[in-house]
Every structure is written in C-alpha cells, then in structure tokens.
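K.L.:
structure, please.
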Amino acid sequence: MTPDPPPRTGTGGYRALLGRLDAWFESARRKHGAVIPCRAGCSACCYGPFDITVADVELLREGVAALEERTRAEVEARAARLLEAMETVEPGWAAPHAVEDLGEDRFDALIERFAGAPCPLLDDAGRCRIYDARPLVCRLVGLGMRTPIGRVIENACPIQDRFPLYAELLPELFDLEALELEELECQRAAARRLFGDAAAADFETTIAAAILDPHRP
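P.N.:
The predicted model follows:
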C-alpha cells in the first residue's frame, strides 16, 4: 500500500479553524460584556484528564515546544507525575496512551479518579501556559451553543452557578457541523504527520500523555 503523502502545511489550518470558534466566543463576549466570566486566567474547568484529538496533540506539542526551557521542564515534570499516577491505576496503559486502549468505561473511571488533578499546563497562578494552543474542547467550555440543525450544547462551566446572569444566557448560534467536517480533515492531516497514516485520525489521548510520549523511549 502506498503511504499517504505528507501534507504541505502544518497546524496553520487547524489554528484557523479554532480561530473561528474563538471569534464566535468573542462575539458573544462583546454582546454580553462582563456577564461572561470565562477568559484567560480562569482555570475552573482545567482539572481532571479528558480526551483530546490528534490535531490537538500536534498543536499542543507546538505550544509546549515554544516555551522557555525551564518552563517546559516544569510542565513535563507535572505531566509525568499525573501520567505515572494514572498508569498506577491502569498499569497496562502505555504510549501512545490511546483512549481506545482503555475503552469508554475504564477511561471514564480514570477521569473520575483524577477529577481534582490540575492540568499540567497550568502555572502556579492557574493560568494556561499555552492558551493560544489549547485544545478545541477547552474552547467549547464557557458558553452554550446551538447549531443550524438544532443541536444544543449546554454550557459546561463548572462555576456558572456563582454567576446568575451568566447561567441564564441562551445558547449562541454557531455552525458546529461545518467546523466538524473541517476538523476531520485537520485530524487526518495531523495523523499523517504524527503517525504516517490518515487512518489514525480518530486517535485520542490526554494532555499529559501528549506532552510526554514524544520524549519517551
């Protein structure tokens, strides 16, 4: 079988796609002003492991690689502690730490077990060190969404009960279906770059594993 040719561009397409999602969020912020507390520096939703896509893995690694050496070492140390703790619970789980290797039930149990663990990318003040390169799922938290075909994604902010006006905001319109089609192409391109195979487009892992696995023997 002839291998997939490498894509001509890197993460630029995925960054542009995420930019559309960010623009949607900023439009809502302009409309509602200070009612929306979700912003850089808030880390209420930055706890516990969760699944990220192969496109997110590639983008995240770019963000970590751009950090100052000492900061990058600190991030990697935090990721190592979290990943080692998860491997203690799931000793057979190994690089590349694919979510599918555990299965939905075991991964859900892992999420629950480590729900209080801070993301390795947070600094001591609770700010994301690679905010501009954070995964797509991080950008979906903080605002409800409705799509042209009638899907509704509720606001997943864990502290919205502290802000009554915020909690009462109606979902904002966004064409998520169109974004998801383009996201799949970005995942295929990332899979070719990282694994040499577009069929790995459905690969998912955690932030800690994404940070560490390229550096492990």
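K.L.:
how close does Asp101 sit to Leu143?
P.N.:
Shown here: Asp101 relative to Leu143, a distance of 32 Å by CB to CB, to the nearest Å. Every C-beta, even on glycine, is put in place using the N, C-alpha and C of the backbone.
K.L.:
what's Phe25 in contact with, if anything?
P.N.:
For Phe25, the contacting residues are 38, 139, 142-143, by CB atoms under 8 Å, 6 or more residues apart in numbering.
K.L.:
low-confidence ranges, this structure, go.
P.N.:
In the predicted model, the chain carries pLDDT under 70 at residues 1-9, 215-217.
K.L.:
at 50 instead, please
P.N.:
Applying pLDDT under 50 to the chain flags residues 1-9, 217.
K.L.:
in it, which spans are helices?
P.N.:
Remark: helices assigned in the chain by DSSP state H are 12-32, 54-65, 69-89, 99-102, 104-113, 136-140, 164-167, 176-195, 207-212.
K.L.:
can you name every helix or strand that the fourth one contacts?
P.N.:
Other helices and strands packing on helix 99-102, by 3 or more CB pairs under 8 Å, 6 or more residues apart in numbering; DSSP states H and E, are strand 204-205.
K.L.:
show me the contact partners of the strand it packs on.
P.N.:
Under CB under 8 Å, 6+ apart, the answer for strand 204-205 is 51-54, 57, 96-100, 213.
K.L.:
how about the nearest residue to Arg151 once chain neighbours are set aside, what does it touch?
P.N.:
The shortest distance from Arg151 to any non-neighbouring residue, by CB to CB, 6 or more residues apart in numbering, is to Leu176 (6.8 Å). Neighbouring residues of Leu176 by CB under 8 Å, 6+ apart: 145, 147, 151, 153.
K.L.:
how close does the first one get to Tyr131?
P.N.:
Between Met145 and Tyr131 the computed distance is 20 Å (CB to CB).
K.L.:
same check on the second one?
P.N.:
Relative to Tyr131, Thr147 is positioned 25 Å away (CB to CB).
K.L.:
ok, the third one next?
P.N.:
Per CB to CB, Arg151 is found 27 Å from Tyr131.
K.L.:
out of everything not next to it in sequence, what's closest to Pro49?
P.N.:
The shortest distance from Pro49 to any non-neighbouring residue, by CB to CB, 6+ apart, is to Thr206 (4.4 Å).
K.L.:
quick one, which of Met145 and Tyr131 is more surrounded?
P.N.:
A direct count of neighbours by other CB atoms under 10 Å for Met145 and Tyr131 places Met145 higher, at 19 against 13.
K.L.:
next, count neighbours for the closest residue to the more buried one other than its chain neighbours.
P.N.:
Nearest residue to Met145 in three dimensions, chain neighbours excluded: Ile153, at 4.4 Å (CB to CB, 6+ apart). When neighbours are counted by other CB under 10 Å, Ile153 registers 14.
K.L.:
just Glu58 next, same as before
P.N.:
Using other CB under 10 Å, Glu58 is surrounded by 21 other residues.
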